[in-house]
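# Sharing a sequence plus its predicted fold:
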Amino acid sequence: MHIDSYERNWMIFSIVMLILFATAVSVAAFGMGIQVPAPEQRVDPKTVATDPNSPWSNPGLREVEPGKYDAYILARAVPSWEYLPKEMTVPAGSRVSFYVTSADVQHGFKIQDTNANFQVVPGQVSKLTITFDKPGTYNFICTEYCGSGHGVMYGSIIVTP
Amino acid sequence: MKQYQLSTSEKKFVGSHILVAVLALAVGSLFGPLQAFEHAGWDFYPYLRPFIKSYYQGLTVHGVLNALVWTTFFIMGFLTFNVIFALKRPLKNPTLNKVGFWLMVVGVVAAAIPILANEATVLFTFYPPLKANWAFYVGLTLVVVGSWVEGWGLFMTYAGWRKENPNERSPFVAFASVLTALLWQICTLGVAVEILTMLLPWSLGLLEGVDPQLARTYFWFTGHPLVYFWLLPAYISWYAMLPKQAGNGKMFSDSLARLSFWLFLVLSTPLGFHHQYVDPGVPPVWKFIHSMLTFSVFFPSMMTAFTVVASLEHAGRKNGGKGALAWIGKLNWSDPSVAAQLLAGILFFFGGIGGLANASYNVNLVLHNTAFIPGHFHLTVATAVTLSFMGISYWLVPYLTGRKLWQPKWAVIQTWTWFVGMIIFSNAMHIIGLLGAPRRVPLGLAPYVPAEWNSRLFQVGVGGAILFLSGAIYLLVMLKTALNKEMVKEEVEVPMAESMQDPALSPDWLDRWAPWIYGSIALIVVVYGPQLIEQIANIALTSPGFRVW
């Protein structure tokens, strides 16, 4: 098959670029640990908010050891579009693992100015861990269409100095 | 001028596809600017309340009609034309193709009724457990099945041609069109299984609940190759028609054009998890494998960029263009079909770069479901594809109807206004997305919007206004052309660029279907099989439906 020399060079250039991109992403993922969510736990969306054994029947922040927290957050569209709890406060330097699930439809969960961003799928638990070094208010917002109130669904994490 | 003649009924058949497509675009595009205006603080939805209940009903109309109906009908019409014209033979079984077309029409009507009744405000991704009226799912199924049936008609026609011409190299345009229809058959299996095994029985009350995670996996099996189903027809035109229109140029490389289409067939389905990087129910190892495959499909895109630009350069130099870049100015920019496709190609460059960012596994953490995503796909499907299709229609509609294109100058203005409007709109969407603005939100009302987004939200509205104007000009040109009393003297010449090298010299393995089809299926089985088996084995139909709009 005839391949023009310019085109051959272009193809080599394309492959080199691809290898560079793949390397950069791999280093970020495995060298620097910037990872995406992994399967955590499955739940029954019909009972997850009411079953007394479910942490989401009493959502909120739990300190597991000094400076380390688990945040159980319930996302729901019914009766009104909200996260429970809507607000949490942690001191700067805290490492918070977010466990988020939905009591009804799909939602999103994105903490502004951080790498935390995931899909909230009924029946599944989404988990990511974030360290908050800088004090301030971090809004977490719903990023998946969940009905007419989608645009008002948000909450915040207040990081105190 | 001697070119193969389509019969009047064939022209009518192709034309009916274009008619439905343009009607869908007309209604769907009415709602696009309304979303943009809302972002800028000019909310017209309260005034539309008697007909359209909410922003989200409007967004559903916009997404379904523009992304699904306009594209699918235009593509099936264009592919049908390409197969007949390039193979120089009628359809093997025209009745079959007609059945397919009418199934699609019935499907659109069936889906439109619940959408307009606010019974299916689930957007064009219809993620369960948002539960639409059953007619919506029936309608979508009929559109997909109808497009399959039309595809079978094209395969039979190609097989008929092959039987009559066993030793001839397939004409590139026909080859690429049949390949596009084949890609569609393979990839739509995902959404077909999603609807038929879960959503439809659930909406009819036969199933108590669905598994939303599995539904996402099925959906995105189809969702990304869908993008290539949209793009490949534009590529066919860029490769094999645009060089001719732009200055009587030739296609740079027949063999590499074929190779890149084969790579699209093989690579575009087994990478759907790159839309699910942040899904809780998919293991990261599969997400990572799919991210690498997503990068690999960048390779045929780069090949396409080379061949298309080299073919255009050939055209520009034939027109007397000189210098490293000055030949660009010598292309036939005054031809609206050329201008549309060149401008579409320019914006596609940026769309491609944004796509690479989305595809980059963990980089996607800052982009997922932000306004960056609609910013991105308005450069790709809404410009590279849509503006190219508009450009194609500027010669195809006069060809099919025998009527002269009304006011080509206005058509040129249309292409430039689309280009400028989309730059303003899309640039602003990308930026607010990077700042954290979510997609699918009436940002004019959202309580968490910081002041620093405001100037960009205003630009979203300005871009939307220019696009609205451009869309209106397009419809005017189409309408006036369809009613034009001034007829084309002879038949419009169909632009077909020859290849620089004799296609007969392209190696035989680039003209054989079986190995590539087996290869695609094998790759899908390897990179989708284990997860599909695991997710299906662990299915939990626990999510009841919700109607929360």
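The structure has been received and is ready for your questions. Residues are numbered from 1 along each chain as shown, chains lettered A, B, ... in the order given.
# so the residue lying closest to B:Lys53 once chain neighbours are set aside, which of the three states?
Counting by CB to CB, 6 or more residues apart in numbering or on different chains, B:Lys53 lies nearest to B:Asn118, which is 4.6 Å off, once chain neighbours are set aside. No exception for glycine: its C-beta is placed from N, CA and C like everyone else's. Judged by DSSP: H, G, I helix; E, B strand; the rest coil, the three-state class of B:Asn118 is coil.
# Determine the number of other residues adjacent to B:Asn118.
Counted with other CB atoms under 10 Å in any protein chain shown, the neighbours of B:Asn118 add up to 17.
# and residue 96, what does it touch?
All of this refers to chain A. Applying CB atoms under 8 Å, 6 or more residues apart in numbering or on different chains, one finds that A:Val96 lies in contact with A:Leu61, A:Lys68, A:Tyr69, A:Asp70, A:Ala71, A:Val90, A:Thr129, A:Ile130, A:Thr131, A:Phe132, A:Ile157.
# oops, I was thinking of chain B
Shown in contact with B:Leu96 (CB under 8 Å, 6+ apart): B:Val149, B:Glu150, B:Trp152, B:Gly153, B:Met156.
# Show me which positions of the helix or strand where it lies end up buried.
Assignment of secondary structure by DSSP states H and E places B:Leu96 within helix B:94-116. Using 16 or more other CB atoms under 10 Å in any protein chain shown as the burial criterion, the residues of helix B:94-116 that qualify are B:94, B:96-101, B:103-105, B:107-108, B:110-112, B:114-115.
# Can you tell me the element the residue in chain A that chain B sits nearest to falls in?
Nearest to chain B, among the residues of chain A, is A:Gly147, at 3.0 Å (CB to the nearest CB). Using DSSP H and E, A:Gly147 falls within no helix or strand.
# my guess is it contacts A:Arg76, does it?
No: using CB atoms under 8 Å, A:Gly147 is not in contact with A:Arg76; the gap is 10.4 Å.
# Local confidence estimate at B:Ile328?
B:Ile328 is assigned 95 on the pLDDT scale.
# Backbone torsions only: list them for it.
With angles defined as degrees, to the nearest 10, B:Ile328 sits at phi -60, psi -40.
# Could you check how far it is from B:Asn319?
11 Å (CB to CB, to the nearest Å).
# How about A:Ser126?
For A:Ser126, the distance to B:Asn319 equals 56 Å [CB to CB].
# And for B:Gly433?
Using CB to CB, B:Gly433 is found at 40 Å from B:Asn319.
# Looking at the two, which has the bigger crowd around it?
Taking neighbours as other CB under 10 Å, B:Gly433 and B:Asn319 compare with B:Gly433 leading, 24 against 16.
# how close does B:Gly77 get to chain A?
From B:Gly77 over to chain A the distance is 31 Å, taken as CB to the nearest CB, to the nearest Å.
# Give me the pLDDT for that residue.
What the model reports for B:Gly77 is a pLDDT of 98.
# What is the neighbour count of it?
Using other CB under 10 Å, B:Gly77 is surrounded by 27 other residues.
# Equivalent analysis for B:Ala451, please.
B:Ala451 is flanked by 6 other residues according to other CB under 10 Å.
# ok, it - contacts?
Going by CB under 8 Å, 6+ apart, the list of residues near B:Ala451 is empty.
# ok, so what distance separates it from chain A?
For B:Ala451, the distance to chain A - CB to the nearest CB - is 14 Å.
# Equivalent analysis for B:Gly32, please.
Taking CB to the nearest CB, one finds B:Gly32 at 17 Å from chain A.
# likewise B:Leu204?
B:Leu204 sits 20 Å away from chain A, taking CB to the nearest CB as the criterion.
# Can you read off the pLDDT for that residue?
96.
# tally of neighbours for the closest residue to it other than its chain neighbours?
For B:Leu204, ignoring the flanking residues on the chain, the nearest one in space by CB to CB, 6+ apart is B:Trp134 at 5.2 Å. The number of residues packed near B:Trp134 is 19, by other CB under 10 Å.
# can you check B:Val178 too?
B:Val178 has 24 nearby residues by other CB under 10 Å.
# Helix, strand, or coil at it?
helix.
# Quick check, it in contact with B:Tyr158.
Yes: the criterion here is CB under 8 Å, and B:Val178 meets it with B:Tyr158 at 4.8 Å.
# Identify the contacts common to the two.
In contact with both B:Val178 and B:Tyr158: B:Val83, using CB under 8 Å, 6+ apart.
# just checking, B:Ala132 touches B:Ala117?
No: contact criterion CB under 8 Å: B:Ala132 and B:Ala117 do not qualify, at 10.5 Å.
# Can you pick out the residue with more neighbours from these two?
Neighbour comparison, B:Ala132 and B:Ala117: the larger count goes to B:Ala132, with 24 against 13 (by other CB under 10 Å).
# residues touching that one, list them.
Taking CB under 8 Å, 6+ apart as the contact definition, B:Ala132 lies against B:Pro114, B:Glu119, B:Ala120, B:Thr121, B:Val122, B:Phe126, B:Ser203.
# any idea how far B:Arg547 is from the second one?
Plainly put, B:Glu119 is 8 Å away from B:Arg547 if you go by CB to CB.
# do B:Gln57 as well
For B:Gln57 relative to B:Arg547 (CB to CB), the value is 13 Å.
# higher neighbour count, the two?
Taking other CB under 10 Å, B:Gln57 and B:Arg547 do not tie; B:Gln57 has more neighbours (24 against 16).
# Double-check that the more buried one belongs to a helix.
Yes: assessed with three-state DSSP, B:Gln57 lies in a helix.
# What sits closest to it if chain neighbours are left out?
B:Thr121 (4.8 Å).
# likewise B:Ser16?
Closest to B:Ser16 by CB to CB, 6+ apart is B:Phe101, at 6.7 Å.
# got a pLDDT number for the one you found?
What the model reports as pLDDT for B:Phe101 is 98.
# center of chain B, which residue is that?
Closest to where the C-alpha atoms of chain B average out (CA atoms, centre = their mean) is B:Trp230, at 2.5 Å.
# Low-confidence ranges, chain B, go.
Scanning chain B for pLDDT under 70 picks out B:1.
# residue of it with the smallest distance to chain A?
Proximity of chain B to chain A (CB to the nearest CB) peaks at B:Val548, 3.0 Å away.
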